[in-house]
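>>> Provided below are the primary sequence and the corresponding predicted coordinates.
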Amino acid sequence: MGNERHHTPRLLLRGGLVIDTAPHPVVHPHTDVLVEAGRIAAVGRDLPLDDSDTGLEVIDARTMVVLPGFVDAHRHLWQGVLRSAAVDASLDGYFSRVLGELAGRFTPADVHTGNLLGALDCLDSGITTVQDFSHVQYSPEHTAAAVEALREAGIRAVFGYGYPVFDESARQADWVRKARTAHFPSRDARVTMALAPVGPSFTPPEAVREDWLLARELGLPVAVHVSAGPVAMRPITALREEGLLTAGTLYVHGNSLPDSELRLIAESGGAVAITPAIEASMRFGAPMAGRLRRAGITTGLGADAVTSAPGDMFSQMRAALMSSHFDGDRDGDGDGLALKAADVLRMATAEGAAALGLGEEVGSLGVGKRADLVLLRADALNLAPVAHDPIGAVVTAAHPGNVDTVLVDGRAVKRGGRLLYENLGGVLAEAHRATERLGASSS
């Protein structure tokens, strides 16, 4: 058993330092947030409280920063059991060790453990929504295990059905159709589906067309890694020429793409997920945040692979902010478009949600949106005094240890600094056993 599923409580978060993120990040001191039926019912100062209302739980948030849950727009959750297995590896080394050697050893049970551990790690650090780019679908049983773990963890997720990079036999359209029918009968559930094909940068045009038409047939959005080559040097142009360039597609990385390709993404209504820590460590190319901002492209942040980089959004925000100072001011005269802390926080919340097609549901504190919320301890030594610039403090000073409470659909998945998943010890034990069996340990 995982998180208990009781009725959704009515909650009043009283007197917090509230940061909303839409249309732009703004701070509201001494502000209440009312949660009803899993959604945000009201935001404001001194919301009326009926003392006779015994069904309402009041949470004292006066020493808390209250903000929307973080949205991780690109992550391979199955690699949760491979944490730090390739920290010093190049991209080629990662492909060889993780995707070439270790991935093929994963049983469905290993995928379940990796996804569950990864999803719980997200929740523990305040990530309430994740795009799980799951390129480990060696069988329908692997798929069932991955989806089951997402639902068990209690996280909001877009499950990206991905083909194993080095196993062409696992690229089975019927398996995708089976997964769509068996595991995703409704599109408005907490866990939804996308197709995550290898894509035009790395596969022949005929395979790309088959994959994109399959996504259309099943009504699925597409998430895809893109770069200039090795197959298509202009992958977005290639999609346009095939009539496959559609709105709602999520492109990942793209560091080597020229500006002309970025313009096509913007014009088509696509979005981009960047993973600045991985992109730097594996030398994907120059930072992307400033270029995407100039192109007017909706941009989300992701942790990508915990095999090689941190899994929390605080680390990703700092990586994006610091690298953008160079990217946004190429001539060094100080008048470039380097990001501000508020821009980065928006990428980690509202823009990330929009990039995943969930902007109407999560990512900000609008009335009627899902109550996916994070409460940070503002009185922690590394944050206090937070009043100078609360947004800047969250982006540059906060860390996962500051996460006190996490709500998904108005239900607490973390409270008082403690993850509420009831069998956390069992998950950790399974993760250690999987590591030993996979041969990923250095001991």
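Good, I have the coordinates. No experiment lies behind these values; they were computed from the predicted model shown.

>>> ok, now how distant is His399 from Gly392?
The spacing between His399 and Gly392, counted by C-beta to C-beta, to the nearest Å, is 15 Å. (C-beta placed from N, C-alpha, C; glycine too.)

>>> same for the helix or strand hosting Leu17, what does it pack against?
Per DSSP states H and E: Leu17 is located in strand 10-20. Applying 3 or more C-beta pairs under 8 Å, 6 or more residues apart in numbering; DSSP states H and E, one finds that strand 10-20 contacts strand 26-36, strand 56-60, strand 64-68, strand 373-377, helix 390-396.

>>> I'd like the next helix or strand past the third one.
With elements assigned by DSSP H and E, the helix or strand that comes after strand 64-68 is strand 70-75.

>>> got the angle for that next one vs strand 373-377?
110 degrees (axes from the mean of the first three to the mean of the last three C-alpha atoms, to 10 degrees).

>>> okay, buried residues for strand 70-75 please.
Buried residues in strand 70-75, counting neighbours by 16 or more other C-beta atoms under 10 Å, are found at Phe70, Val71, Asp72, Ala73, His74, Arg75.

>>> so what secondary structure elements neighbour that strand?
In terms of contacts (3+ C-beta pairs under 8 Å, 6+ apart), strand 70-75 is packed against helix 108-124, strand 127-134, strand 250-253, strand 271-274, strand 298-301, helix 350-355.

>>> same thing but 6 Å
Helices and strands touching strand 70-75, by 3 or more C-beta pairs under 6 Å, 6 or more residues apart in numbering; DSSP states H and E, are strand 127-134, helix 350-355.

>>> mind checking which of the helices and strands packed on strand 10-20 is nearest His253?
His253 lies closest to helix 390-396 among the helices and strands packed on strand 10-20, at 21.9 Å (C-beta to C-beta).

>>> quick check: what element follows the closest one along the chain?
Helix 390-396 is succeeded, C-terminally, by strand 403-408 (DSSP H and E).

>>> show me what that next one is in contact with.
123, 125-126, 128, 154, 371-375, 377, 413-415, 417 (C-beta atoms under 6 Å, 6 or more residues apart in numbering).

>>> redo that, cut-off 8 Å
11, 35, 59, 64, 69, 123-126, 128, 154-156, 190, 370-377, 412-417 (C-beta atoms under 8 Å, 6 or more residues apart in numbering).

>>> can you tell me which helix or strand Arg209 belongs to?
Going by DSSP H and E, Arg209 is part of helix 205-218.

>>> got the contact list for that helix?
Helix 205-218 is contacted by residues 171, 173, 176-177, 180, 195, 197-200, 221-222, 232, 238-239, 242, 244, 246 when judged by C-beta under 8 Å, 6+ apart.

>>> what subset of the residues you listed is buried?
171, 176, 180, 195, 197-200, 221-222, 232, 238-239, 244, 246.

>>> make CSV out of the helices and strands packed on strand 10-20 and add distance to Ala309, mean pLDDT and mean neighbour count.
CSV is the format used below for these (distance: least, C-beta to C-beta, whole Å; pLDDT from 0 to 100; neighbours: other C-beta atoms under 10 Å):
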stretch, distance to Ala309, mean pLDDT, mean neighbour count
strand 26-36, 29, 98, 19
strand 56-60, 33, 95, 15
strand 64-68, 23, 98, 27
strand 373-377, 21, 98, 26
helix 390-396, 17, 98, 21
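
>>> between those, which gets nearest to Arg83?
Closest among these, using C-beta to C-beta: strand 373-377, at 22.2 Å.

>>> how far does that closest one sit from its chain's centre?
Centroid separation for strand 373-377 versus its chain: 17 Å, with C-alpha atoms, centre = their mean, to the nearest Å.

>>> report the strands that pair with that strand, each with its relative direction.
strand 64-68 (antiparallel), strand 403-408 (antiparallel) (DSSP bridges).

>>> quick check: angle from the shortest one to strand 26-36?
Pointing back at strand 64-68 there. 80 degrees.

>>> quick one: contacts of strand 64-68?
Outside of strand 64-68, the residues within contact range by C-beta under 8 Å, 6+ apart are 13, 16-21, 31, 33, 128, 345, 349-350, 362-365, 372-378, 383, 386, 390, 393-394, 398, 404-405.
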